[in-house]
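> here's my sequence, what's the structure:
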Amino acid sequence: MKTILGIAIAMSLSAGALFAEGMVHKVAVHVNENDPAVMNIALNNVQNLTNYYQSKGDTVEVEVVTYGPGLNMLIDGKSPVADRIATMSLEMDNLSFAACGNTHRKMSKKKGEDIALLDEANMVPSGVVRLIELQEDGFAYVKP
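Sure thing, here's the model as predicted:
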């Protein structure tokens with residue numbers, strides 16, 4: 001009986017510690033348009049939700065997933081938001097950027113050379129599949 005009581009107390013204390021530290025939120029932001037306004041709205045969403053959750057004592061993990069025309073957001077020398085991405089990436093360790101490998105391969109083939117991505121971009125095999133994986137992992141979905 002003492003063992004069961006001890007386990008119950010330990011579990012209660014552990015749960016209390018988790019709540020005291022705040023919640024962890026996970027958000028996937030989807031960009032598939034080559035529109036600087038949409039890209040900036042997506043980055044505004046990231047900044048706003050990060051600020052909100054941090055003000056509550058919570059943490060948030062954000063991944064911006066780009067594919068199709070939205071991949072232009074992460075193309076070196078072409079992204080209209082490259083400077084903003086660089087700054088936000090330095091300031092926010094909770095933020096990552098996923099570039100669709102399918103789109104990148106098609107764009108590179110059309111251009112006849114490998115298209116360089118921003119240093120902040122992580123290549124994933126498929127942007128659509130990445131969004132599915134994130135949602136299956138409990139990420140909320142946001143599309144500006």
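> residue 82 contacts residue 72, correct?
No. Counting by C-beta atoms under 8 Å, residue 72 is not a contact partner of residue 82; they are 10.4 Å apart. (Each C-beta comes from the backbone N, C-alpha and C, glycine too.)
> the more surrounded of those two?
It is residue 72, of residue 82 and residue 72, that has more neighbours when counted by other C-beta atoms under 10 Å, with 21 against 17.
> list the residues that contact the more buried one.
Contact analysis of residue 72 by C-beta atoms under 8 Å, 6 or more residues apart in numbering lists 34, 78, 79, 80.
> which stretches in this structure count as strands?
24-31, 59-66, 95-100, 121-124, 140-142 (DSSP state E).
> tabulate the ones you listed (a markdown table), appending distance to residue 88, mean neighbour count and mean pLDDT.
What follows is the strands of the chain, written out as a markdown table (distance: least, C-beta to C-beta, whole Å; neighbours: other C-beta atoms under 10 Å; pLDDT from 0 to 100):
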| stretch | distance to residue 88 | mean neighbour count | mean pLDDT |
| --- | --- | --- | --- |
| strand 24-31 | 12 | 21 | 98 |
| strand 59-66 | 10 | 23 | 98 |
| strand 95-100 | 6 | 22 | 98 |
| strand 121-124 | 13 | 17 | 98 |
| strand 140-142 | 16 | 14 | 98 |
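> quick one: which of the ones you listed is nearest residue 89?
strand 95-100 (6.1 Å; C-beta to C-beta).
> how much space separates the spatially most central residue of the chain from residue 128?
The structure's the chain has its C-alpha centroid closest to residue 63; by C-alpha atoms, centre = their mean the separation is 0.7 Å. Between residue 63 and residue 128 the computed distance is 14 Å (C-beta to C-beta, to the nearest Å).
> columns distance to residue 53 on top of the strands of the chain, output as JSON lines?
Listed next are the strands of the chain as JSON lines, based on distance: least, C-beta to C-beta, whole Å:
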{"stretch": "strand 24-31", "distance to residue 53": "6"}
{"stretch": "strand 59-66", "distance to residue 53": "4"}
{"stretch": "strand 95-100", "distance to residue 53": "13"}
{"stretch": "strand 121-124", "distance to residue 53": "22"}
{"stretch": "strand 140-142", "distance to residue 53": "11"}
